[in-house]
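**Q** Sequence plus the predicted model coming up.
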Amino acid sequence: MQLSVIVNGQPRSAEVDPEALLVEALREGFQLTGTKVGCDTSQCGSCCVLVDGVSVKSCTLLAAQAEGREVTTVEGLADHGRLSALQQGFWDEFGLQCGFCTPGMLMSMSDLLSRNRHPDDHEIRSWLDGNLCRCTGYQNVVKAVQRAVKLVNSPVHIVADTPMKQFYEEQVQFLMDKDVDGLVSKHYHDDAVIVSHAGIARGRDQVRARFGTFLHWVTIEEVLSTDNFTETDNTLMFEATIKSSMGVVKTYDAMLLEAGRVKLQFTGSR
């Protein structure tokens, strides 16, 4: 039979046996071998995928039952080569050893995070109940999901575990809320200086006017990523990819702080 499905956002078709399981269609028909076959008895969860956004064990579903539906496999979690927050969490917290069961865990936890952005440890462990692993002991898997929760809920998609990262996270939240007064009064000195392609702004009044003009024309919708974050006790530098009402831009910032407020800032974009 001819199977037509949306796989990882793309229409796909393949010739499969009418009695083929979905896991067989994915691995053999579409060559998506990230989905594993572990136990053949619907116990281990290594074959978990999302069907219309819901995690299922693809060894218990006929391929024909997925006709016309949306299927997401582990290969579909990354965005243009950039790891999802959940994948990054597994990477950062060493949430795998041999890795055979990891794709199924990633898909189960993706379903969880789509339903609840703030799951507690009990809920994380409960959702892992259908995913068996012989080598991690699960502790690092739970830590990986906990880290992913922090990444998902951060406006800048970093774990704000240092004062400078917390400062940056708060600053972006001010900008997303278009709260110029809150931003400038809390984050900038009376004699702060901002140097950018638009010129030099000196003092709070000019800084306030600069941010006010910018946010009048531009709405920051989402910080897609924060990269190369470097910090000391009083400096921070980073790159950010920002989705805004004007499109996607890359920004570069370097800040010198004094007593917790910006004294000098260099900023640019492309």
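**A** Looks like it came in fine.

**Q** Would you check that W127 makes contact with M107?
**A** No: using C-beta atoms under 8 Å as the test, W127 is too far from M107 to be in contact (10.9 Å). Where C-beta positions appear, they are placed from N, C-alpha and C, glycine not excepted.

**Q** who's more crowded, those two?
**A** M107 (29 against 20; other C-beta atoms under 10 Å).

**Q** residue contacts, that one?
**A** M107 is in contact with C48, V49, L50, S55, T72, T73, V74, counting by C-beta atoms under 8 Å, 6 or more residues apart in numbering.

**Q** Apply 6 Å and report the result again.
**A** C48, V49, L50, S55 (C-beta atoms under 6 Å, 6 or more residues apart in numbering).

**Q** quick one: which of these is nearest K243?
**A** The shortest separation between K243 and any of these is 23.8 Å, and it belongs to L50 (by C-beta to C-beta).

**Q** So which residues of the stretch 51-200 of the chain form strands?
**A** Remark: strands assigned in the stretch 51-200 of the chain by DSSP state E, counting those that start in this stretch are 54-57, 70-72, 188-196, 199-202.

**Q** Packing partners of the strand or helix carrying K243?
**A** Following DSSP states H and E, the helix or strand that holds K243 is strand 235-244. Strand 235-244 makes packing contacts with strand 220-231, strand 247-258 when contacts are defined by 3 or more C-beta pairs under 6 Å, 6 or more residues apart in numbering; DSSP states H and E.

**Q** What strands flank the last one, and is each parallel or antiparallel?
**A** Read that as strand 247-258. strand 235-244 (antiparallel), strand 261-269 (antiparallel) (DSSP bridges).

**Q** Report the central residue of this protein.
**A** Centroid-nearest residue in the chain, with C-alpha atoms, centre = their mean: A85, separated by 3.2 Å.

**Q** Compute the distance between the closest residue to that one other than its chain neighbours and G247, please.
**A** With C-beta to C-beta, 6 or more residues apart in numbering as the criterion, A85 has its nearest non-adjacent residue at 3.8 Å, and that residue is L151. Distance check for L151 against G247: by C-beta to C-beta, to the nearest Å, it reads 24 Å.

**Q** higher neighbour count, those two?
**A** When L151 and G247 are compared for neighbours, L151 comes out ahead with 19 against 8, by other C-beta under 10 Å.

**Q** what's the burial count for the residue nearest to S114 when sequence neighbours are not counted?
**A** Using C-beta to C-beta, 6+ apart and skipping residues adjacent in sequence, the residue nearest S114 is G53, 6.4 Å away. Applying the criterion other C-beta under 10 Å, we find 12 residues in the vicinity of G53.
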